[in-house]
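Student: Have a look at this fold, sequence not included:
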Ligand code: OKV
Ligand code: MN
């Protein structure tokens, strides 16, 4: 309750100092102005296990963990997993003083109940991705992966990312967007008329009709800076006055 801020798809990684700086400024602002912060998936561009991150963090990751921990000391910080950092676990949350949010989750906010999800689960037209998702979300598969030595995990991750980059180029924009029926079904199952998600990198507010009633779908922006799109990033503010999409 109070002012809840939601962001997703920051995609922190080794070589994105601009993104990191913009995000740390945002965390600082959230510490001052929000009553809670929810990071709704893809905080990190890749995650191959809490152990590697916590034991030998490279400099960029140590900096990120420090900023997140400082935020969690100031306000409740909730972390939901995305399609890239789905291996974030309890050890990471504990180290940060954050809480894991099992998405999809229903947030009880001053603007009413809101269904919160990363969004990849709604991209049901992308059959190849859904197949990948089913495999890597299987508990025993994750168990085996996490038991592998770090070097092997890194190599598998690098291969998976290279393959994914190639596959994306062949996919249409429509395939990589949410499927309206999957969205409707999730809202219906949750008994909500508001959905917030990220993942598609297409920030917008969509007015929908769900079983004859008005509903809304808020899409969070991603934070990946590049030459073509230098002004990305943003978040959603939720309070008694409503739900607002804020851009950097
Ligand atoms: C995350 C995505 C790479 C998309 C692999 C089991 C396997 C986990 C994993 C490896 C990859 C996460 C953990 C990464 C997301 C990609 C490429 C495409 C579309 C297994 C459990 F292989 F043994 F089955 N992985 N990494 N992708 O590099 O962070 O979301 S990752
Ligand atoms: Mn995503």
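Tutor: Received, thanks. Here the structure is a predicted model, which means the values were calculated and not measured. Ligands and ions are numbered 1, 2, ... in the order given.
Student: Excluding chain neighbours, what is closest to the residue nearest to the spatial centre of the chain?
Tutor: By CA atoms, centre = their mean, the mean C-alpha position of the chain lies nearest to residue 41, the distance being 1.6 Å. For residue 41, ignoring the flanking residues on the chain, the nearest one in space by CB to CB, 6 or more residues apart in numbering is residue 82 at 2.6 Å. Placement of C-beta: from N, CA and C, glycine included.
Student: any idea how far that neighbour is from ligand 2?
Tutor: Going from residue 82 to ligand 2 by CB to the ion, to the nearest Å gives 5 Å.
Student: does the residue nearest to residue 181 when sequence neighbours are not counted sit in a helix, a strand or a coil?
Tutor: Once its chain neighbours are removed from consideration, residue 181 has its nearest residue in residue 124; the separation is 7.8 Å (CB to CB, 6+ apart). Using DSSP: H, G, I helix; E, B strand; the rest coil as the criterion, the local structure at residue 124 reads coil.
Student: tell me the strands in this protein, going along the chain?
Tutor: For the chain, the strands defined by DSSP state E occupy 4-7, 36-40, 77-80, 99-101, 105-109, 112-117, 194-197, 204-210, 213-219, 234-239, 242-247.
Student: does the second one come close to ligand 2?
Tutor: No: judged by CB under 5 Å from the ion, strand 36-40 and ligand 2 are separated, with a smallest distance of 9.5 Å.
Student: who does that strand pair up with?
Tutor: Each strand paired with strand 36-40, and its direction, by DSSP bridges: strand 4-7 (parallel), strand 77-80 (parallel).
Student: Please tabulate those in a markdown table and include mean pLDDT, mean neighbour count and distance to ligand 2 as additional columns.
Tutor: Putting those into a markdown table (pLDDT from 0 to 100; neighbours: other CB atoms under 10 Å; distance: least, CB to the ion, whole Å) gives the following:
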| stretch | mean pLDDT | mean neighbour count | distance to ligand 2 |
| --- | --- | --- | --- |
| strand 4-7 | 98 | 25 | 12 |
| strand 77-80 | 98 | 24 | 11 |
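Student: quick one: which of the ones you listed is nearest ligand 1?
Tutor: Put simply, out of the strands paired with strand 36-40 the one that sits nearest ligand 1 is strand 77-80, at 14.8 Å, with distance taken as CB to the nearest ligand atom.
Student: quick one: contacts of the closest one?
Tutor: The set of residues that contact strand 77-80 without belonging to it, under CB atoms under 8 Å, 6 or more residues apart in numbering, is 8, 36-41, 43, 68, 71, 88, 92-93, 96-103, 105, 116, 118.
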